[in-house]
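Undergrad: quick check, what structure comes out for this input:
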Amino acid sequence: MLGAIASSGVTQAIYEYWQYFEPIRVYGPAKCIEHTQKITHAVDNILDKNDTKLTARLKEAWHLPNITYDDDLTTFIAVGIEQWQGRNWDPAVSSPLFDQYCDFLTSSVLKDPKEIKRIGLIQDLLIEGNYSKEVVQLAIPMLNWISWTKQTYINGCPSDQDQDYCFGTHDTKFYAKADISQSWRAWPWQFCTQWGYIQYSHTPSASILPLISNRLTLSRRFEICKLAFNITSPPNVTSINQWGGFNISYPRLAFIDGEQDPWRGATPHAGPFAYDGPVRNRKNSVEEPWYLMDGAVHHWDENGLSEAERRAGKRIPKAVESVQKEEVRFVLEWLKEWQESTRLEEKLEL
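TA: Predicted coordinates for the structure are as follows:
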């Protein structure tokens with residue numbers, strides 16, 4: 001007898017997984033999302049002009065004057081919005097980066113007063129990026145975004161290393177390293193060969209601005225597969241999806257997912273974030289438990305509180321606590337079923 005709980009468990013392998021960003025766009029703080037979309041769009045508009053001097057000014061504005069490739073700049077500025085997955089109700093495991101990012105991006109006050117000397121440059125860039133009518137609204141947020149990336153990442157680049165070393169993604173010698181110490185290769189090998197999950201720039205309609213640069217296309221994001229493994233063909237997602245995909249079903253297999261999880265679109269709870277069509281809404285039961293936690297992101301049911309923390313007044317979000325109680329309940333039912341089947345087997349042996 002088997003039993004398992006899939007906490008934020010992806011079951012549908014998806015090659016073109018632009019839906020990763022959809023829960024962030026839908027559930028993220030509205031002002032932060034809007035500023036991310038518009039400033040990213042302005043950056044794309046500037047790069048699309050293919051003006052060498054203008055692009056150099058853009059890189060200088062982001063404190064990356066020596067980064068060689070334009071798509072490395074756009075990869076770099078996407079790091080803030082990509083921190084959504086690291087949010088958790090439990091401070092012990094939660095990353096503060098997304099909240100810090102949005103705090104900077106939505107503030108009307110300059111976070112680093114020294115950056116005021118760059119305000120003219122930022123205003124010029126917004127005008128060049130076709131946002132002349134919103135310069136007043138976007139200049140401070142853009143400067144704050146730049147300050148956040150500088151404080152969080154650029155300042156950590158060793159002084160004896162160039163910016164391509166710290167923030168570049170085109171170093172073929174690096175990708176050629178295949179010794180046992182290159183542990184980063186494990187997950188790319190899996191998504192390059194079977195799972196896919198290439199998170200690229202796309203939205204449900206042309207009227208919706210993406211959260212990451214249009215320079216981060218499917219082929220650009222898939223390039224790691226070619227550089228690291230010489231893989232040029234799409235992953236064999238059928239090797240995964242043949243076992244059920246969105247509709248996987250098995251006795252005592254529970255699915256617990258977060259409403260706002262960027263991976264929700266690859267789980268049986270995909271719902272409005274499903275790739276290429278609807279996902280059926282199954283009935284919850286002890287045999288096949290099925291819970292979607294309101295407001296939750298990734299793996300939120302896996303954390304708890306000690307008695308000392310509870311006495312100190314800390315609380316688990318109601319949606320998470322409710323699901324955890326259900327997990328205890330149905331696992332006890334499974335164990336009861338196992339005990340009864342074991343006793344029956346013993347009687348039969350007698």
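
Undergrad: show me what the longest helix along the chain is packed up against.
TA: Ranked by number of residues, the top helix in the chain under DSSP state H is helix 318-349. If you count contacts as 3 or more C-beta pairs under 8 Å, 6 or more residues apart in numbering; DSSP states H and E, helix 318-349 packs onto strand 253-258, strand 290-293. (Each C-beta comes from the backbone N, C-alpha and C, glycine too.)

Undergrad: ok, now with 6 Å
TA: Using 3 or more C-beta pairs under 6 Å, 6 or more residues apart in numbering; DSSP states H and E, the elements in contact with helix 318-349 are strand 290-293.

Undergrad: what does the helix or strand just after the strand it packs on contact?
TA: Next in sequence after strand 290-293, counting helices and strands by DSSP states H and E, comes helix 307-311. By C-beta atoms under 6 Å, 6 or more residues apart in numbering, no residue outside helix 307-311 reaches it.

Undergrad: please save the CA atoms from helix 307-311 in PDB.
TA: Extracted as PDB, the C-alpha positions of helix 307-311 are listed here (Å, rounded to 0.1, in the frame of the first residue of the first chain):
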ATOM      1  CA  GLU A 307       5.500  25.300  20.500                       C
ATOM      2  CA  ALA A 308       7.800  28.200  21.500                       C
ATOM      3  CA  GLU A 309       6.900  30.100  18.400                       C
ATOM      4  CA  ARG A 310       3.200  29.600  19.000                       C
ATOM      5  CA  ARG A 311       3.600  30.800  22.600                       C
END
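
Undergrad: for the record, mean pLDDT for that helix?
TA: The average pLDDT within helix 307-311 is 88.

Undergrad: and if you look at stretch 288-304?
TA: On average, stretch 288-304 scores 96.

Undergrad: what are the buried residues along that stretch?
TA: Under the neighbour-count criterion of 16 or more other C-beta atoms under 10 Å, stretch 288-304 has 288-293, 296-301, 303 buried.

Undergrad: hmm, back to that, can you give me the angle the longest helix of the chain makes with strand 253-258?
TA: Computed by axes from the mean of the first three to the mean of the last three C-alpha atoms, to 10 degrees, the angle separating helix 318-349 from strand 253-258 equals 170 degrees.

Undergrad: what residues of helix 318-349 count as buried?
TA: Judged by neighbour count using 16+ other C-beta under 10 Å, the buried positions of helix 318-349 are Ala319, Val320, Glu321, Val323, Gln324, Glu326, Glu327, Phe330, Val331, Trp334, Glu337.

Undergrad: residue contacts, the first one?
TA: What it means is Ala319. Met293, Asp294, Gly295.

Undergrad: let's have those in a markdown table, adding distance to Thr267.
TA: Below are the contacts of Ala319 laid out as a markdown table (distance: C-beta to C-beta, whole Å):
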| residue | distance to Thr267 |
| --- | --- |
| Met293 | 12 |
| Asp294 | 16 |
| Gly295 | 16 |
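
Undergrad: now the stretch 201-350 of the chain, which segments are flagged as low pLDDT?
TA: Residue ranges of the stretch 201-350 of the chain with pLDDT under 70: 344-350.

Undergrad: ranges for the helices of this structure?
TA: Along the chain, counting by DSSP H, helices occupy 22-27, 30-47, 52-61, 70-77, 97-106, 119-128, 135-152, 163-167, 172-176, 186-190, 218-229, 238-241, 307-311, 318-349.

Undergrad: make TSV out of those and add distance to Asn284.
TA: Output for these, formatted as TSV (distance: least, C-beta to C-beta, whole Å):
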stretch	distance to Asn284
helix 22-27	22
helix 30-47	32
helix 52-61	51
helix 70-77	41
helix 97-106	31
helix 119-128	49
helix 135-152	41
helix 163-167	46
helix 172-176	45
helix 186-190	30
helix 218-229	36
helix 238-241	24
helix 307-311	28
helix 318-349	9
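
Undergrad: nearest to Gly86, of the ones you listed?
TA: Minimum separation from Gly86 across these (C-beta to C-beta) falls at helix 97-106, 6.3 Å.

Undergrad: against which helices or strands is the closest one packed?
TA: Contacts defined by 3+ C-beta pairs under 6 Å, 6+ apart place helix 97-106 against helix 30-47, helix 135-152.

Undergrad: for that helix, which positions count as buried?
TA: Neighbour counts using 16+ other C-beta under 10 Å place Leu97, Phe98, Asp99, Gln100, Tyr101, Cys102, Phe104, Leu105, Thr106 of helix 97-106 among the buried residues.

Undergrad: returning to what we had before: nearest to Gln83, of the helices of the chain?
TA: By C-beta to C-beta (comparing all of the helices of the chain), the closest turns out to be helix 97-106, at 3.9 Å.

Undergrad: next, the angle from that closest one to helix 135-152.
TA: 150 degrees.

Undergrad: report the rounded mean pLDDT for helix 97-106.
TA: Averaging pLDDT along helix 97-106 yields 98.

Undergrad: tell me the domain ranges of this protein?
TA: If you go by automatic domain parsing, the domain ranges for the chain are 14-229, 250-349.

Undergrad: let me have those domains in CSV, extended by distance to Met1.
TA: Formatted as CSV, the domains of the chain follow (distance: least, C-beta to C-beta, whole Å):
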stretch, distance to Met1
domain 14-229, 29
domain 250-349, 5
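
Undergrad: noted, bye for now.
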